[in-house]
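Visitor: Structure of the sequence below:
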Amino acid sequence: MKKDLISIKDLSAKEINDIFALTDKLKRDKGKYSQALKGKTLALIFQKPSNRTRVSFAVGMFQLGGTSIYLSPEEINLGVRETIKDVAKTLSRYVDGIVLRTFAHQNAMEMAAHAQVPVINGLSDLSHPCQGLADLYTAKEKLGKLRGITLAYVGDGNNNVTHSLLYCASKLGVNMNVAAPKKYEPDSDVVKQAKEFAALSGAAINLYNNASDACENADIIYTDVWVSMGQEKEAAKRRRVFKGFQVNKKLVSLGEPGCLIMHCLPAHRGEEITDEAIDSKNSIVFDQAENRLHVQKAILIKLLGKG
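Guide: Next up, the predicted model:
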């Protein structure tokens, strides 16, 4: 039976830890897995532009002995030129897996429902599972553990990265504080589900409307852009609303000594994060970016191979 990755919500803690364990092996011995997906082909369907997601999946398939095909918005025009259902059924006859980077989360769910091959959500408006998994893997790599640490997320709480972090943190016993302005808090259903997962893992999920309160004694401070793709018309308003939610030297000083700084990139330097913060010794931003490659290779082996 084929398995998809649409949201971290659908993964068990064991499945997440299995992905992390395989990622460790892939980082230690890349050559051992150089033929793991030999003869396999991955379709990359992107409605939204990408740097890290596209490159990391394409390079990852190459390093695993497979190949990838990039399908741009103009080539597919998903849901307009052809229905998602028909695209899913057709591509299933050609390829071994599909990565979809889309606007609406429903598109990813519909693609998975009709495809006969595994579908990976490369980003939707609600969820960014590969980013969330890579982030928590990186945190574990740097801190040596996850259970009991505190991750403070500062900025736009109602975005795909925040939601994926909430799911992943709550399943793995990571305390998570989210600081966002009023009306920009995470999706209420996601928070409710995360708190249910946290009750089982022993984690705490807290929401704040003040960045300082959320970052006090944090082990990690995380942020993302204030203006995401598709929100350009709101840019001026968002910059005003989020003015007090910038990750800078003063905010980082509230965390634990050596508090780590994370950002999923691309960064709007001078807005949600300062140069001083993102370029500091505390920053593990580019380790996160690298680990997208390694974690996604583990995901690909789990879904497309015999992992």
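
Visitor: can I get the CA coordinates of stretch 97-115 in PDB?
Guide: The C-alpha trace of stretch 97-115 is given here as PDB (Å, rounded to 0.1, in the frame of the first residue of the first chain):
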ATOM      1  CA  GLY A  97       6.600   9.600  -6.900                       C
ATOM      2  CA  ILE A  98       5.300  13.100  -7.000                       C
ATOM      3  CA  VAL A  99       6.300  16.200  -5.200                       C
ATOM      4  CA  LEU A 100       3.700  19.000  -5.300                       C
ATOM      5  CA  ARG A 101       4.500  22.600  -4.300                       C
ATOM      6  CA  THR A 102       1.100  24.300  -4.400                       C
ATOM      7  CA  PHE A 103      -1.000  27.100  -3.000                       C
ATOM      8  CA  ALA A 104      -4.000  25.300  -1.500                       C
ATOM      9  CA  HIS A 105      -3.500  22.400   0.800                       C
ATOM     10  CA  GLN A 106      -6.600  20.800  -0.700                       C
ATOM     11  CA  ASN A 107      -4.600  20.400  -4.000                       C
ATOM     12  CA  ALA A 108      -2.000  18.200  -2.200                       C
ATOM     13  CA  MET A 109      -4.800  16.100  -0.600                       C
ATOM     14  CA  GLU A 110      -6.500  15.700  -3.900                       C
ATOM     15  CA  MET A 111      -3.300  14.700  -5.700                       C
ATOM     16  CA  ALA A 112      -2.600  12.100  -3.000                       C
ATOM     17  CA  ALA A 113      -6.200  10.700  -3.200                       C
ATOM     18  CA  HIS A 114      -5.900  10.000  -6.900                       C
ATOM     19  CA  ALA A 115      -2.300   9.200  -7.500                       C
END
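
Visitor: How about that stretch, which residues are buried there?
Guide: By neighbour count on 16 or more other CB atoms under 10 Å, the buried set for stretch 97-115 is 97-103, 105, 107-112, 114-115. Backbone N, C-alpha and C define where each C-beta goes, glycine included.

Visitor: With stretch 87-99 instead?
Guide: 87-88, 91-92, 95-99.

Visitor: Among those, which lie within strands?
Guide: With DSSP state E as the criterion, strands contain 97-99 from among the buried residues of stretch 87-99.

Visitor: Quick check: of the buried residues of stretch 97-115, which lies closest to residue 3?
Guide: residue 112 (9.7 Å; CB to CB).

Visitor: Just list what the helix or strand harbouring that closest one packs against, helices and strands only.
Guide: Here residue 112 sits within helix 105-114, counting by DSSP states H and E. Here helix 105-114 touches helix 84-91, strand 97-101, strand 119-123, going by 3 or more CB pairs under 8 Å, 6 or more residues apart in numbering; DSSP states H and E.

Visitor: Please consider this matter closed, and thank you.
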